[in-house]
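> could you look at this predicted model? Sequence included:
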Amino acid sequence: MSTEMDMNEEESKLRKQLQRAVRGTEVPPYLESKIRASIRASETRQPFRFGYSWMAATAAVALAVFGGIAYQLGHLRLTIGSQESYIASVSNHVASIMRVGLRDHLHCSHFRKFPKDEPKLENIEQKLPAPYRGMIPIVRKHVPAGFQLMITHECGYQGRKFVHLALKRRSQLLSVVLAVKQDGESFKTEELIPALTEAGIPFYRSGAQQFQIAAFESDRHLIYIVSDVSQAENMRTMTAMAPELRTYLNKLAL
Amino acid sequence: MTEGAPAAHRFETEAMPHLNDIFRTATRVLGERGRAEDVVQEVYLQAWKSFDRFEAGTNCRAWLFKILFHCVNHHRRKWFRFPLLKENEEFLEANLAYSPPVSEHLTDQEILAALENIPGDFRSVVLLVDVEEFAYKEAADILQVPIGTVMSRLSRGRRLLREQLAGVARSYGIVRTAQEGQGA
């Protein structure tokens, strides 16, 4: 290939970085079905091409309306199967221990339709197991301005339980996800390199598509913040929250 | 349906597998997933409608990319937010004399942001040649420009990208400045 011949080592390195970055973009699973549907629609309307062009317009409007409704109702946007396929395709881009938090965020926040207004705290904190309720003020104190606490609960995904606090700021989502460590699970044993260490806490960072992940560990928990804010803001939130959160979690008698 | 069924099968096996490539290129060229989804849908619909003109055994992927850039150019004319950026060549030459080293510590997001900051004409060629690995001749055919234009845009696009990335890396203090690089 002429392109290869023309390249020096630096260019070849940049090319690989670029390929990795661009190829990280996955096609949304619903797009394939939309394309097939529009092709099928174009096939069926061909015999009436001249006399019934209004039918095409009606079909397009209907498709747009139903598409819009389905998009707005996030939980209806995809079937369970395609949600799973989306979660798998996104989370495949990050290390296995980082997937733990990312998957729960995608499963439990990304596909959820949240209420428009922030619920009353007394209505949602009851859904969180009692020992973890003390996390709520810590999380609220440190999340970026404008984020509202929409959900606090214990949830499960693929047989694993999570403590999950989901927050929303306009169209942006941020999840604080806790998972109890299993069988010696640790960022250290996964040999991940910390992105930074502050207050003696090593912080780990990853990302896939628009999702940013920051993580650290306490004695018994893996703690993640997964969001679609910028990488820097996501990590800032985590480093601000972590010392207090770690102290609180290490004191928990579970 | 007698003719339709085999065509549908051929389209499914020859065109649909390239959906991911088409979508990611459209996303990077247009800079927005929503618009990319619309354009990709249009690409596939146009491809289906003219599939009888596609010669079996030829490069279906390149054919789809050609339709993609045709649609992108059509939409760029409609969307005033996406004008064709014609960079002053003298300006580019003056600013691209130094090709700085790129740090390995840059994230995918930083690389994509840098890519987004280079003018569309250069970005398209970089995407086609460096990411999608088309030969210069194929890229020229897809973009409907002479092969020499592809080569010069690629060279400038790569240098612009390196300059952008070096700027990011300098802000972290992990690469030398241009003067240091040239003086070394």
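It's in.
> the chain: strands as residue ranges?
Picked chain A for this. Ranges of strands within chain A are A:148-157, A:160-169, A:172-180, A:196-198, A:201-208, A:211-217, A:221-227, based on DSSP state E.
> domains in chain A, by residue range?
Taking automatic domain parsing as the reference, chain A has its domains at A:2-73, A:95-250.
> err, chain B, not the other one
Taken from automatic domain parsing, chain B resolves into B:1-98, B:100-178.
> chain center to the longest one: distance?
Average the C-alpha atoms of domain B:1-98, do the same for its chain, and the two points are 10 Å apart (CA atoms, centre = their mean, to the nearest Å).
> repeat for the last one
Mean C-alpha position of domain B:100-178 versus that of the full chain (CA atoms, centre = their mean) differs by 9 Å.
> check which residues of stretch B:15-26 are buried.
Within stretch B:15-26, the residues that qualify as buried are B:15, B:16, B:18, B:19, B:20, B:21, B:22, B:23, B:24, B:25, B:26, counting by 16 or more other CB atoms under 10 Å in any protein chain shown. In this view, the C-beta of every residue, glycine as well, is placed from N, C-alpha and C.
> overlap between these and the residues near chain A?
B:16, B:19, B:20, B:23, B:24, B:25 (CB under 8 Å from any CB of the partner chain).
> so which bits of chain A are right by chain B?
Counting by CB under 8 Å from any CB, chain A sits next to chain B at A:1-3, A:10-11, A:13-15, A:17-28, A:31-32, A:34-35, A:38-39, A:42-43, A:207, A:231.
> which members of these are classed as buried?
By neighbour count, with 16+ other CB under 10 Å, the residues of chain A next to chain B hold A:3, A:11, A:14-15, A:17-18, A:21-22, A:24-28, A:31-32, A:34-35, A:38-39, A:207, A:231 as buried.
> shaky segments in the chain?
Just going to use chain A. Scanning chain A for pLDDT under 70 picks out A:1-7, A:44-53, A:67-79, A:253-254.
> wait, I meant chain B there
Within chain B, the ranges that satisfy pLDDT under 70 run B:1-5, B:78-104, B:168-184.
> out of the domains of chain A, which one sits most buried?
Scoring those by mean neighbour count under mean count of other CB atoms under 10 Å in any protein chain shown gives domain A:95-250 as the most buried, with a mean of 18.
> how long is that domain end to end?
As for domain A:95-250, its first-to-last residue distance stands at 25 Å under the measure CA to CA, to the nearest Å.
> filter the buried ones among the residues of chain A next to chain B down to just the ones in helices.
Cross-referencing those against helices under DSSP state H gives A:3, A:11, A:14-15, A:17-18, A:21-22, A:31-32, A:34-35, A:38-39, A:231.
> of those, closest to residue B:52?
The closest of these to residue B:52 turns out to be residue A:39 (CB to CB; 13.8 Å).
> now the closest one: how far from residue B:11?
Note on residue A:39: its distance to residue B:11, by CB to CB, to the nearest Å, is 8 Å.
> so which of the domains of chain B comes closest to residue A:214?
The closest of the domains of chain B to residue A:214 is domain B:100-178. By CB to CB, the value is 12.7 Å.
> does any part of the closest one sit near chain A?
Yes: counting by CB under 8 Å from any CB, chain A has neighbours in domain B:100-178: B:101-102, B:104, B:106-109, B:111-112, B:115, B:126-127, B:129-131, B:133, B:135-136, B:154, B:158, B:161-162, B:165.
> show me which of those are buried.
For the residues of domain B:100-178 next to chain A, a burial check counting by 16+ other CB under 10 Å picks out B:102, B:106-109, B:111-112, B:115, B:126-127, B:129-131, B:135-136, B:154, B:158, B:161-162, B:165.
> now the helices for the stretch 1-150 of chain A?
Here the stretch 1-150 of chain A has its helices, by DSSP state H, counting those that start in this stretch, at A:2-6, A:9-23, A:29-45, A:53-72, A:74-77, A:80-91, A:96-105, A:121-125, A:135-142.
> distance to residue A:236 added to those, as TSV?
What follows is the helices of the stretch 1-150 of chain A, written out as TSV (distance: least, CB to CB, whole Å):
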stretch	distance to residue A:236
helix A:2-6	40
helix A:9-23	23
helix A:29-45	32
helix A:53-72	31
helix A:74-77	27
helix A:80-91	23
helix A:96-105	17
helix A:121-125	24
helix A:135-142	9
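> closest one to residue A:195 among those?
Comparison of the helices of the stretch 1-150 of chain A against residue A:195 by CB to CB identifies helix A:96-105 as nearest, at 11.4 Å.
> just the C-alphas of the closest one, formatted as CSV.
Only the C-alpha atoms of helix A:96-105 are listed here, as CSV (Å, rounded to 0.1, in the frame of the first residue of the first chain):
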residue,chain,number,x,y,z
SER,A,96,-13.5,-6.0,32.6
ILE,A,97,-13.5,-4.5,36.0
MET,A,98,-14.6,-1.1,34.6
ARG,A,99,-17.5,-2.8,32.8
VAL,A,100,-19.1,-3.6,36.2
GLY,A,101,-20.1,0.0,36.8
LEU,A,102,-20.6,0.9,33.2
ARG,A,103,-23.1,-1.9,32.6
ASP,A,104,-25.2,-1.1,35.6
HIS,A,105,-25.3,2.6,34.4
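> before we move on, back to that, between residue A:39 and residue B:11, which contacts overlap?
Shared contacts of residue A:39 and residue B:11, defined by CB atoms under 8 Å, 6 or more residues apart in numbering or on different chains, comprise residue B:48.
> quick one, strands of chain B?
For chain B, no strands turn up when DSSP E is the criterion.
> show me the buried ones among the residues of domain B:100-178 next to chain A that map onto helices.
The helices in this structure, assigned by DSSP H, contain B:108, B:109, B:111, B:112, B:115, B:126, B:136, B:154, B:158, B:161, B:162, B:165 from these.
> distance of residue A:243 from residue A:128?
Taken as CB to CB, the span from residue A:243 to residue A:128 is 21 Å.
> do residue B:137 as well
Going from residue B:137 to residue A:128 by CB to CB gives 61 Å.
> could you do residue B:49 as well?
According to CB to CB, residue B:49 stands 54 Å off from residue A:128.
> ok and the residue in the stretch 51-200 of chain A nearest chain B?
Minimum separation of the stretch 51-200 of chain A from chain B (CB to the nearest CB) falls at residue A:93, amounting to 8.5 Å.
> spit out the contact partners of that residue.
Going by CB under 8 Å, 6+ apart, the list of residues near residue A:93 reads A:24, A:208, A:209.
> I'd like to know which of the residues you listed is nearest to chain B.
residue A:24 (5.4 Å).
> gap between the closest one and residue B:144?
Counting by CB to CB, the gap from residue A:24 to residue B:144 is 29 Å.
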